[in-house]
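Asks: sequence first, predicted coordinates after that:
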Amino acid sequence: KAGVTQTPRYLIKTRGQQVTLSCSPISGHRSVSWYQQTPGQGLQFLFEYFSETQRNKGNFPGRFSGRQFSNSRSEMNVSTLELGDSALYLCASSPYTGQAVEQYFGPGTRLTVT
Amino acid sequence: SQQGEEDPQALSIQEGENATMNCSYKTSINNLQWYRQNSGRGLVHLILIRSNEREKHSGRLRVTLDTSKKSSSLLITASRAADTASYFCATDGTANQAGTALIFGKGTTLSVSS
């Protein structure tokens, strides 16, 4: 099976712009989670989608949003970009949702905000 | 917020030596997972241990869990240069959490030299 894919892999944006990142989960996986990784804050949970419904949301401002499509592909959007949004954004998928579920991570999208 | 805190932050060893990383967490958990990340790429799941388990093995990996001390350790035996990576422990946000929302520690960076 193909792994989790994320596009684009690298992105440079300017403050105030918005950005959309895409994640294609492993075939058959219905849960997609997003994480932000920065040197200062480490890995932080953004949100999880399962069967097109947001199941959990981390402590991020409303500028961060996401959605999941019927084929389980997911997108996350960040509006009004700030310098602090520069990070590696990781997507993870799993066959189902809940605790004790192994996550399969994609390679990430590195976003640089200038 | 960080649930798990790894110790040490960085570890340098020679090939063939054992590497031990520790993780402490704050609240009650039902399970704990360990992940590896190679140089700013996606994370790879290593092992999951449930709260009713004290020790678990997978190849050269040994994980222990002490719920009374709220701590876990990851032991890598006979380290290889390919084990050079960052290692993270992760727990679910709350013991009764619905859905998936992993809380990661800051990680231990392991460097194995030949």
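Replies: Ah, there it is.
Asks: is it true that B:Q14 touches B:V112?
Replies: Yes: assessed by CB atoms under 8 Å, B:Q14 is found in contact with B:V112 at 7.3 Å. For glycine as for every other residue, the C-beta is placed from the backbone atoms N, C-alpha and C.
Asks: give the residues shared as contacts by these two.
Replies: B:S79 (CB atoms under 8 Å, 6 or more residues apart in numbering or on different chains).
Asks: neighbour-wise, which of those two wins?
Replies: B:V112 (20 against 10; other CB atoms under 10 Å in any protein chain shown).
Asks: would you check that the more buried one makes contact with B:A81?
Replies: Yes: using CB under 8 Å, B:V112 is in contact with B:A81, at 5.2 Å.
Asks: shared neighbours, those two?
Replies: B:E15.
Asks: return the residues of chain A in contact with chain B.
Replies: By CB under 8 Å from any CB of the partner chain, the residues of chain A that approach chain B are A:4, A:31, A:33, A:35, A:42-45, A:48, A:50, A:55-56, A:58-59, A:88, A:90, A:92, A:94, A:97-108, A:110.
Asks: weed out the non-buried ones from those.
Replies: The neighbour-count test (16 or more other CB atoms under 10 Å in any protein chain shown) applied to the residues of chain A next to chain B identifies A:4, A:31, A:33, A:35, A:42-45, A:48, A:50, A:55-56, A:58, A:88, A:90, A:92, A:94, A:97, A:99, A:101, A:103-108, A:110 as buried.
Asks: how far does stretch B:21-34 sit from its chain's centre?
Replies: For stretch B:21-34, the distance from its own C-alpha centre to the chain's C-alpha centre is 8 Å (CA atoms, centre = their mean, to the nearest Å).
Asks: ends of it, what's the gap?
Replies: Here the two ends of stretch B:21-34 are set 10 Å apart, with distance taken as CA to CA, to the nearest Å.
Asks: could you pull out the buried residues of it?
Replies: Along stretch B:21-34, the positions that meet the burial threshold by neighbour count (16+ other CB under 10 Å) are B:M21, B:N22, B:C23, B:S24, B:Y25, B:I29, B:N30, B:N31, B:L32, B:Q33, B:W34.
Asks: contacts for it?
Replies: By CB under 8 Å, 6+ apart, stretch B:21-34 touches A:99-100, A:102-103, B:3-8, B:11, B:45-51, B:61, B:63, B:65, B:67, B:69-74, B:87-92, B:94-95, B:102, B:105, B:108, B:110.
Asks: mind running it again at 6 Å?
Replies: A:99-100, B:3-7, B:46-51, B:70-74, B:87, B:89-91, B:95, B:105, B:108 (CB atoms under 6 Å, 6 or more residues apart in numbering or on different chains).
Asks: mark which of those are part of strands, please.
Replies: Of the contacts of stretch B:21-34, the ones assigned to strands by DSSP state E are B:4-7, B:46-50, B:71-74, B:87, B:89-91, B:108.
Asks: counting contacts, what elements does the helix or strand bottoming out on mean pLDDT in chain A pack onto?
Replies: Every helix and strand of chain A was ranked by mean pLDDT, DSSP states H and E. The lowest is strand A:53-57, at a mean of 92. Under the contact definition 3 or more CB pairs under 6 Å, 6 or more residues apart in numbering or on different chains; DSSP states H and E, strand A:53-57 sits against strand A:42-50.
Asks: what are the boundaries of the helices in chain B?
Replies: Ranges of helices in chain B, per DSSP state H: none exist.
Asks: which residues of it lie near chain A?
Replies: B:N30, B:N31, B:R41, B:G42, B:L43, B:H45, B:D92, B:G99, B:T100, B:A101, B:F104, B:K106 (CB under 6 Å from any CB of the partner chain).
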